[in-house]
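>>> after the sequence you'll find the predicted model.
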Amino acid sequence: MASPANAAILDGMPHPADLRVLYRDGQTLVTAGQVVIACYPDGEIAMRNVAVAVARQLGFSGQQVAQVMGLTDSYVATLHQRALREGAAGLVRPSGPKPKLSPQAWARAARWRAAGASEAQVAARLGVAQATVSRHLGGTGQQQLPSGEPGEPAAAPGAAAAAAGTGEPGSIGQPQDQEPGKDEPAPGPAPQPGGEQPAPQPATAPQAETARAAGLLAAGSRITGGQVTSRYAGAMLLHAFGARAGAGLILAAAAGDGEPGGPRFADVALLSAVSTCFALGTATVEQFKHLTAEAAGPLAGLSSLPGLRTLRPRLAAIADSTDPLELQAMFASAMLAADPVTSGVYYVDDHFIPYTGAKPVAKGWNNKRGKAENGRADTHVTAHDGRAVCFVTGEPSGLTVTLPKALAELKRAAPPGAAIMLGFDRGGAYAQVFRHCRDEGVHWVTYRRAPLTVPRGLPVLSVITVNGKTRQAGWAEETVQLKDYGEARQLTLFEHGQVALQVLTSDSGACPAEILAWLKSRWREENFLKYASANYGIDAICDYAAVIETNTKVTGNPARKAANAAVRRAENMLAAAREGYAAMLADPAIPAAIKNAKLIPATRQKITRAEKALARAAAARDRVPAKLPANQIDPHAQVALLRAGRRGLQMVLRLLAHNAEHWLASHLNAYLQDDDEYRATTRQTIIRGLAGTITYTSAAITVRLDRPGAPRVAAALALLLDEINATPPAMPGDTRPITYQLAPAGQI
C-alpha cells in the first residue's frame, strides 16, 4: 500500500508504482508518474543517492528502485538506512579509499592498548572502525623500539608501511577529539640545541615503491627491536634445527644468492615464514589466512605475515628463478650434514599424488583408492630414523624407473665414500634394480616377491634386543640364484612356527638380525609418507599450470591387444575341436563303422582347420608391436607436464619443517621417555600449542614460552631448552642468537 505522499503525487495515474529514469541533454531525471522527483547532472553521485532515498521514502520497494537506477538491492538498502540514520549527510559522504593513519597515531594507539584501553575505545579515539584497530594491534601486543633508544615505543606493526601524517591537531595523524597536552604529548621532533627545529622528514618513498613493486613489506617490516606476544611462540624452537642444518644458506640460495645485490632479507624471511606456517598445520598457502598474521610474522623476524596477494606472486617468482635440482641437492646435503646416517641405511618408496585438474596428466596407480588416476609421483628417500633426505618428482612410472634417479640424488648428497644400503619393498624387487645397485656400488635389501621358496636349512632361534626390549626370532639363512642377477643372500624369518617373510640382500657380511631389523623398520618410510601427508601437505598440488606437449611415452598397442584376442579365440576353437573329437571317440552310442567312415575324417579336418587358423592368428600377432609411442597410436595424443620448480620449492620448505619437528621430538623424548606420544606432544603441545613472548634487541632475541600444563612435559621441555641454549641458534637471514626461557610455575 502506497504512502499518502506517494498517493498525492500519483493521483489519477493508472499505475501508481511507475518509477522511471530519463537521460536528456546531460541531465538525469527521475520521475514518479508524471511528477519529476529529482533532476541532476549525469554522474552526480550525491544527488543520485538523494533520489534513491526519496524514492524509497515515497513507498517504492528496494527492488524497484534498484532496477530503475541500475544499482544492486543491497546498495539501495544501504543508502536507505543511511538516510534514516544520518539524514542527508549520510548520502553525500565522499567515496574512495579512506586516508591512512600516520605511524605516530598508531604508536599512540599501541600505548593506549597497552595501558588497558579496549579496542572499541581506541577505535573511537582514532575515528576508525574497531576491525581496523584489531587488524593493526590485535593479538600481538608488539611495540617496536627505535634503534639507539631502548625503552621508547615506536610505531606498531604495519605503521612502517602506512603513509606518514603531519601529527597536527585535527589531521589524519591525530584524532580530532584529542588535544595536545592531554592524554599524550603532541607528536613532533625533539627540540634541538639553539632552538632550531629539524625539517619534517619525508616518507621513505623508495622503500614503499620497492615493497609495492615486489609485493612485499618494505624494509621497515623487519623487526629490529621490541616485544611481541605471539600465540605461536613455540614454533620458534624450529630454528634450533634450522640453524643446525644451515637452513639460512638453503633459503638464501632459493631467494637468489649469487644474483646482483644478493638475496634480500625479505625473501629469506618470507621463505622461513612459509616453512614455519607449514609446521603450524597449514597444509596450503591458502590456509595461511586462518593464522594471525601479526603473531606468525615475528616467527621469521617480520612484523606481520604478508597476505595471500603478496605471498602467491612472490613465491611463484622465487620458484621460477630457482634451479629445482640444485635446491634439492642443497637440501639433501644439509640434512645429512646436520645428522649423519651412521647406519648407512636409507629407505626408498614411491608416493602417488592425484591430480584433479583438467590437463591431460599421465595416469598412475593410486593405492589409497585402488585404481588408476591422473596424477604425479614423488619418490622419497628417508634415513634409517625416518627423516626426509631427498626426493625426485615426475610422472608415475614405478619404483623400478624412479629408484635409480633417487639413488643418484642420494649419492650426490652423501659424503664421498659413505656406505649406502637401500631398503625398498616388492615394487622394486626386480633384477634390473639389483643390477643397477651393484653397478653403483651400494647394497640393497628387499622382500622376495611371491612365490616364496622353501628354505633348505633349519631355522636358527635367537634372542634379539630392539629398543631395549628382548624377543625371540628364528631365521634360516642361505645363498640363492636370482634370474638375470646372480647370487644373493636370502633370509627366511619365522614367526609362531610359520614363514613370515623372506628377505633378499646383497650384503653377505652383516648380522642376520641386523638385516631383518633394517627391513622390518621400513615401516618408518610408510609412516613418514602418511604423517607428512596429514600434517605437512605433501599431497597438495601447489600449481596447476602445465606445458602441453606431444605424448611420446611408450604404451600398450591396442592393435596388439586385438591380435592377442584373435589368438585366444583360435586357441579356444582348436581346444573345442579336440575335445569334440575325444568325446566322439568315447561315445558308445555311435557305431564304430559310422565313426570310421564319416565322423573321424570330418573331425580331423575341423582340427586341421583350427590349427591353421591359430597359426595364421599367431603369425599376424607377431607382426604387431606390443608397445608403441602414444603419438603413433593416436596422432592427437598429448600430455601435460606439470612444472617442477614450484613444487620443488614448496617440498623443500615442507620437508624442512618436518625434519625440524622430527629433531625436536627426538631430543625431547630423551627427557620425556614416552615412545607412544612424544611426536604428538611435540607437534600439538609445544610447536602449535605454546604461546609466549618474543623480545627483539639489536644484539639478541629472547623467547619466553608459557609453561605446559603437564608437569612431566614442562620438566622435559626445560631440559631441552637448556640443551638448545648451550649452542644458541639464529633464524635464517639473521645473525642474532636466540635464547629460550620457560615461564616459572604458576605464571603465564
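Perfect, I can see it now. Numbers count the residues shown, from 1 in each chain.
>>> the strands in the stretch 601-748 of the chain, which residues?
Along the stretch 601-748 of the chain, the segments classed as strands by DSSP state E, counting those that start in this stretch run 627-629, 638-642, 692-696, 701-705, 738-742.
>>> what's the fourth one packed up against?
Just to be clear, that refers to strand 701-705. Applying 3 or more Cβ pairs under 8 Å, 6 or more residues apart in numbering; DSSP states H and E, we find strand 701-705 packed against strand 692-696, strand 738-742. From N, CA and C alone the C-beta is placed, and that goes for glycine too.
>>> check contacts around the closest residue to P737 other than its chain neighbours.
What sits nearest to P737 in space, not counting adjacent residues and going by Cβ to Cβ, 6 or more residues apart in numbering, is P728, at 3.7 Å. When the contact criterion is Cβ atoms under 8 Å, 6 or more residues apart in numbering, the partners of P728 are 737-739.
>>> of these, closest to A115?
Taking Cβ to Cβ as the measure, T739 is the one of the contacts of P728 closest to A115, at 28.8 Å.
>>> for the closest one, grab the count of nearby residues.
Burial of T739 is recorded as 16 neighbouring residues (other Cβ atoms under 10 Å).
>>> what are the bridge partners for it, then?
For T739, the beta-bridge partners under DSSP bridges are T702.
>>> tell me the predicted confidence for it.
Predicted confidence (pLDDT) at T739: the value is 96.
>>> then I701?
According to the per-residue confidence, I701 scores 95 in pLDDT.
>>> that one and A269: what is the separation?
The gap separating I701 from A269 is 13 Å, by Cβ to Cβ, to the nearest Å.
>>> who touches both of those two?
Common neighbours of I701 and A269, counting by Cβ under 8 Å, 6+ apart, are M731.
>>> tell me, how many residues neighbour R222?
By other Cβ under 10 Å, the burial measure for R222, its neighbour count, is 18.
>>> who are the contact partners of it?
Under the contact definition (Cβ under 8 Å, 6+ apart), the residues listed for R222 are 265-266, 269, 301-303.
>>> report the two of those separated the most.
Using Cβ to Cβ, the two most remote members of the contacts of R222 are F265 and S303, lying 12.6 Å apart.
>>> quick one, which of those two is more surrounded?
Between F265 and S303, counted using other Cβ under 10 Å, the more crowded position is S303 (26 against 18).
>>> my guess is that one contacts E294, does it?
Yes - using Cβ atoms under 8 Å, S303 is in contact with E294, at 7.3 Å.
>>> tell me which residue of the chain is furthest from the middle?
Checked against the mean C-alpha position of the chain, the extreme residue using Cα atoms, centre = their mean is A593, at a distance of 84.0 Å.
>>> measure it to Y581 for me?
The separation that A593 has from Y581, given Cβ to Cβ, amounts to 18 Å.
>>> return the set of buried residues in stretch 302-313.
302-306, 310-311 (16 or more other Cβ atoms under 10 Å).
>>> ditto for stretch 544-551
546, 551.
>>> where along the stretch 551-700 of the chain do the helices fall?
Remark: helices assigned in the stretch 551-700 of the chain by DSSP state H, counting those that start in this stretch are 558-586, 592-594, 600-622, 630-633, 644-672, 678-680.
>>> what would the ones you listed look like in a markdown table with distance to S506 and mean pLDDT?
As requested, these are arranged in a markdown table below (distance: least, Cβ to Cβ, whole Å; pLDDT from 0 to 100):
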| stretch | distance to S506 | mean pLDDT |
| --- | --- | --- |
| helix 558-586 | 36 | 93 |
| helix 592-594 | 67 | 88 |
| helix 600-622 | 38 | 93 |
| helix 630-633 | 36 | 87 |
| helix 644-672 | 29 | 92 |
| helix 678-680 | 33 | 93 |
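>>> out of those helices, which comes closest to A252?
For the helices of the stretch 551-700 of the chain, proximity to A252 was assessed by Cβ to Cβ; helix 644-672 is nearest, at 12.8 Å.
>>> now the helix or strand V76 falls within - C-alpha only, CSV.
In this structure, V76 is located in helix 73-86 according to DSSP states H and E. As requested, C-alpha coordinates have been extracted for helix 73-86 and formatted as CSV (Å, rounded to 0.1, in the frame of the first residue of the first chain):
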residue,chain,number,x,y,z
ASP,A,73,19.4,-4.3,-4.0
SER,A,74,22.0,-4.3,-1.2
TYR,A,75,23.3,-0.9,-2.1
VAL,A,76,19.9,0.7,-2.3
ALA,A,77,19.1,-0.8,1.2
THR,A,78,22.4,0.7,2.5
LEU,A,79,21.5,4.2,1.2
HIS,A,80,18.0,3.9,2.6
GLN,A,81,19.4,3.0,6.1
ARG,A,82,21.9,5.8,5.9
ALA,A,83,19.2,8.4,5.1
LEU,A,84,17.1,7.1,8.1
ARG,A,85,20.1,7.1,10.4
GLU,A,86,22.1,10.1,9.4
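>>> no further questions, thank you.
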